[in-house]
Every structure is written in structure tokens, then in C-alpha cells.
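Peer 1: fold the following, please.
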Amino acid sequence: MKNKEQLLQIWKSSTTEKRFLIHYSQIILDLTAFAYILIILDSIVEWIVEQVMNGLDLITTSVLWVLAAFIALLVLPALFILIVPFPDFWNG
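Peer 2: This is a model prediction of the structure:
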């Protein structure tokens with residue numbers, strides 16, 4: 001890639017068409033750099049969203065396990081305490 005002085009010399013000595021091509025090539029380089037920035041930002045946002053979704057999955061799973069533990073430790077024993085003294089409940 002040419003340095004600034006060489007590009008300035010070409011710019012001053014060139015015709016309108018060459019100036020247009022130089023300007024056009026600079027626009028293409030700027031757009032390419034912008035596209036790379038967008039790709040990088042897209043991948044960062046995708047990673048952040050994935051981490052948030054993993055956190056929500058962890059919270060949901062934890063809540064379900066807490067509910068299951070609550071049922072297993074409190075509700076089921078209470079049912080057995082209430083039902084076992086009354087064997088006629090099962091026989092009708």
C-alpha cells in the first residue's frame with residue numbers, strides 16, 4: 001500500500017477518472033472495514049444472547065428442581081401422614 005505522500009502526488013497529477021477511481025477504491029475499503037466491524041459486533045451480540053439464554057435455562061431448571069424437592073420432601077410425606085392412619089380410605 002502506498003503512503004500518504006505518494007497518494008497525494010497521484011491525486012494532484014491525475015486526471016478526473018483516476019481521481020474517481022482512487023476515491024471509489026477508498027470507499028470500497030471503508031465499506032469493507034465497516035462490514036468486518038458489523039460481523040464482529042454480530043458475533044459479540046450473538047455470544048451475549050447465548051449466555052443470557054443459558055442463564056435463563058439455568059434459572060428455569062433450578063426452579064423446577066426446587067418445586068420437585070418441595071413436593072418430594074413436604075407434600076408427599078404429609079399425604080402419607082394423613083392417609084396411613086385411615087386404612088379404610090383405600091378400601092372404600
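Peer 1: chain center to the host helix or strand of residue 50, what's the gap?
Peer 2: Using DSSP states H and E, residue 50 falls within helix 16-70. Offset of helix 16-70 from its chain centre (C-alpha atoms, centre = their mean, to the nearest Å): 7 Å.
Peer 1: give me the helix or strand of this protein that scores worst on average pLDDT.
Peer 2: The weakest-scoring helix or strand in the chain, judged by mean pLDDT, DSSP states H and E, is helix 88-91 (a mean of 65).
Peer 1: got the contact list for stretch 49-61?
Peer 2: The contact list for stretch 49-61 (C-beta atoms under 8 Å, 6 or more residues apart in numbering) is empty. (Each C-beta comes from the backbone N, C-alpha and C, glycine too.)
Peer 1: mean confidence for that stretch?
Peer 2: Taken as a whole, stretch 49-61 has a mean pLDDT of 92.
Peer 1: how far away is the residue nearest the centre of the chain from residue 21?
Peer 2: The centre of the chain sits closest to residue 49, judged by C-alpha atoms, centre = their mean, with a distance of 2.3 Å. Distance, residue 49 to residue 21, using C-beta to C-beta, to the nearest Å: 42 Å.
Peer 1: where's residue 43 relative to residue 29, distance?
Peer 2: As judged by C-beta to C-beta, residue 43 and residue 29 stand 22 Å apart.
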